[in-house]
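**Q** One predicted model, sequence on top.
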Amino acid sequence: LIEAVGAREILDSRGNPTVEVEVLLDDGIVQRAAVPSGASTGAFEAYELRDGDKARYGGKGVLKAVDAVIDELGPAIEGFEASEQRVIDEVLKETDGTSNKGRVGANAILGVSLAVAKAAADAADLPLFRYIGGPNAHVLPVPLLNVINGGAHADTGVDMQEFFLVPLGAETYSDALRWGTETYHVLKNELKAGGYATGLGDEGGFAPDLPSNRGALDFLMAAIEKAGFKPGVDIAVGLDVASTEFYADGAYSFEGKKLSADELIEYYAQLVNDYPLVSIEDGLAEDDWEGWKALTDTLGAKVQLVGDDLFVTNPQRLADGIKKGVGNSLLVKVNQIGTLTETLDAVSLAQRSGYTAMLSHRSGETEDTTIADLAVATNAGQIKSGAPARSDRVAKYNQLLRIEEELGEGAVFAGRSAFPRFSA
Ligand code: PGA
Ligand code: ZN
């Protein structure tokens with residue numbers, strides 16, 4: 001039984017305050033969860049409550065959310081069985097009482113929701129992935145390693161936000177992680193040799209001021225080969241364009257030009273021809289449904305089209321997209337929707353509808369590794385947690401190494417099967 005719920009303000013990987021929640025059960029079990037935070041956030045995400053008190057952390061404090069946990073959310077679920085996740089998440093939503101969790105904040109609600117799940121797993125004496133996923137949780141995800149950071153995550157002229165190495169040809173998760181990491185180190189040398197800066201962006205990838213977006217892909221290809229891997233066979237590549245960030249008044253400001261959705265789709269079609277590209281995230285903006293439909297009709301059979309700002313892990317927005325035939329993959333961010341239950345609902349809707357699902361960190365992260373367990377719990381087959389550098393990013397990849405070890409013979413690496421539309 002849940003005996004008490006506590007909360008505090010801690011720091012995330014960008015030095016911004018965030019919420020940490022602790023749940024105490026009557027048998028003495030204590031578990032905690034910390035909440036991540038985005039930079040290129042979608043307009044349709046659940047509401048992240050910040051204090052707005054300029055005298056503390058430039059207004060970014062989260063003491064109101066912390067108080068909401070202690071004064072309202074905690075008391076509302078005290079005495080509940082921790083394993084009643086669905087009921088508890090419903091009570092949390094009702095306590096807030098708004099449709100976007102805007103009164104007490106999705107950051108307050110999510111912290112409680114995740115800490116409850118961890119406490120229940122501990123009480124059942126199960127690892128989190130096993131508690132949430134049950135006996136069939138066994139698929140280790142392909143890591144999409146974001147090794148070049150642009151867009152809102154770096155102060156450079158690179159429009160696209162994330163360039164991934166996708167080591168889908170490995171036999172095991174640990175080999176995939178090693179392949180990607182070796183290539184990351186080679187990439188650093190290649191960038192240096194080319195005269196580019198190798199400082200890191202928010203997600204641990206390099207943030208070179210490259211002349212074009214294709215230039216970043218060319219560096220990835222060179223690094224893959226130089227590291228001794230076959231592009232497309234051992235290691236493919238992926239993109240998060242995060243195009244909502246450069247969309248205004250019906251036009252995309254890209255590489256110094258104003259492009260229509262059709263022109264951008266034509267550009268992506270060329271990229272799909274020229275590179276072993278398995279995944280394009282947010283290729284078009286969060287409210288450009290017409291463009292998204294054309295993008296899906298043009299490229300959806302060949303490449304994974306991931307909706308991040310478009311779907312915001314919201315089962316209703318996803319259902320809408322599925323009905324319209326828009327996109328073919330769901331990006332899964334727990335804080336976009338704000339409860340574990342709704343997150344799992346979104347993933348299972350995607351999976352029942354022939355959409356793939358990719359678990360995701362935020363650009364502002366903590367040492368919390370819940371998303372690694374969720375990736376295995378849902379057998380989603382894909383995770384993005386930044387570069388293989390910086391503890392906030394690597395914590396998730398390391399947790400997957402532990403899960404792989406725990407599963408032993410029972411572990412299956414998703415590999416190429418995670419990308420059913422890709423053939424190269
Ligand atoms: P964000 O970036 O956490 O800043 O939103 C990650 C992403 O766009 O996928
Ligand atoms: Zn994104």
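**A** That came in fine, so what should we check first? Ligands and ions are numbered 1, 2, ... in the order given.

**Q** Only C-alpha atoms from now on, for both contacts and neighbour counts.
**A** Will do.

**Q** Do a quick rundown of the helices in this structure.
**A** With DSSP state H as the criterion, the chain has helices at 63-68, 74-77, 85-96, 106-123, 128-133, 173-193, 213-226, 261-274, 289-299, 315-324, 334-337, 340-352, 370-377, 391-407.

**Q** Can you check which of those helices gets nearest to ligand 1?
**A** Ligand 1 lies closest to helix 334-337 among these, at 9.1 Å (CA to the nearest ligand atom).

**Q** Mind exporting the C-alpha coordinates of that closest one to CSV?
**A** The C-alpha trace of helix 334-337 is given here as CSV (Å, rounded to 0.1, in the frame of the first residue of the first chain):
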residue,chain,number,x,y,z
VAL,A,334,6.5,9.8,-21.2
ASN,A,335,6.4,13.5,-20.3
GLN,A,336,4.5,14.5,-23.5
ILE,A,337,1.4,12.7,-22.1
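
**Q** Which positions within that helix qualify as buried?
**A** The neighbour-count check on helix 334-337 (16 or more other CA atoms under 10 Å) flags Val334, Asn335, Gln336, Ile337 as buried.

**Q** anything in stretch 289-306 near ligand 1?
**A** No. Stretch 289-306 does not reach ligand 1 (CA under 6 Å from any ligand atom); its nearest approach is 9.7 Å.

**Q** Now do the same contact list for the spatially most central residue of the chain.
**A** Per CA atoms, centre = their mean, the C-alpha nearest to the average position across the chain is that of Ser360, at 1.5 Å. Counting by CA atoms under 8 Å, 6 or more residues apart in numbering, Ser360 touches Leu331, Val332, Lys333, Ile371, Ile383, Lys384, Ser385.

**Q** which parts of the chain sit against ligand 1?
**A** Residues of the chain lying near ligand 1 by CA under 6 Å from any ligand atom: Gly38, Ala39, Ser40, Thr41, Ala242, Arg362, Ser363.

**Q** Just the ones of these in strands?
**A** Residues of those located in strands (DSSP state E): none.

**Q** What subset of these is buried?
**A** If we count by 16+ other CA under 10 Å, the residues of the chain next to ligand 1 have these buried: Gly38, Ser40, Thr41, Ala242, Arg362, Ser363.

**Q** out of those, which one sits closest to Ala117?
**A** Nearest to Ala117 among these, counting by CA to CA, is Arg362 at 20.0 Å.

**Q** one step back: nearest to Gly204 among the residues of the chain next to ligand 1?
**A** Nearest member of the residues of the chain next to ligand 1 to Gly204, counting by CA to CA, is Ser363, at 9.5 Å.

**Q** who's in contact with the closest residue to that closest one other than its chain neighbours?
**A** Distances taken as CA to CA, 6 or more residues apart in numbering place Gly38 nearest to Ser363, at 5.3 Å, with adjacent residues excluded. Neighbouring residues of Gly38 by CA under 8 Å, 6+ apart: Arg362, Ser363, Gly364.

**Q** List the contacts of the second one.
**A** Under the criterion of CA under 8 Å, 6+ apart, the contact partners of Ser363 comprise Pro36, Ser37, Gly38, Ala39, His153, Asp202, Glu203.

**Q** okay, now Thr95: neighbour count?
**A** For Thr95, the number of neighbouring residues by other CA atoms under 10 Å comes to 18.

**Q** so it touches Asp71, yeah?
**A** No. At 11.1 Å, Thr95 and Asp71 do not qualify as touching, with contact defined as CA atoms under 8 Å.

**Q** could you list every residue that touches the residue lying closest to Leu110 once chain neighbours are set aside?
**A** Excluding its sequence neighbours, the residue lying closest to Leu110 (CA to CA, 6+ apart) is Gly338, at 4.7 Å. Gly338 makes contact with Ala46, Lys101, Ala106, Asn107, Ile109, Leu110, according to CA under 8 Å, 6+ apart.

**Q** out of everything not next to it in sequence, what's closest to the fourth one?
**A** Okay, so that is Asn107. In space, and not counting its chain neighbours, Asn107 is closest to Glu48: 5.5 Å by CA to CA, 6+ apart.

**Q** contacting residues around that neighbour?
**A** Counting by CA under 8 Å, 6+ apart, the residues that Glu48 touches are Gly102, Gly105, Ala106, Asn107.

**Q** that older thread, is it possible to get JSON lines of the contacts of Gly338 that adds distance to His138?
**A** Formatted as JSON lines, the contacts of Gly338 follow (distance: CA to CA, whole Å):
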{"residue": "Ala46", "distance to His138": "30"}
{"residue": "Lys101", "distance to His138": "33"}
{"residue": "Ala106", "distance to His138": "30"}
{"residue": "Asn107", "distance to His138": "29"}
{"residue": "Ile109", "distance to His138": "29"}
{"residue": "Leu110", "distance to His138": "25"}
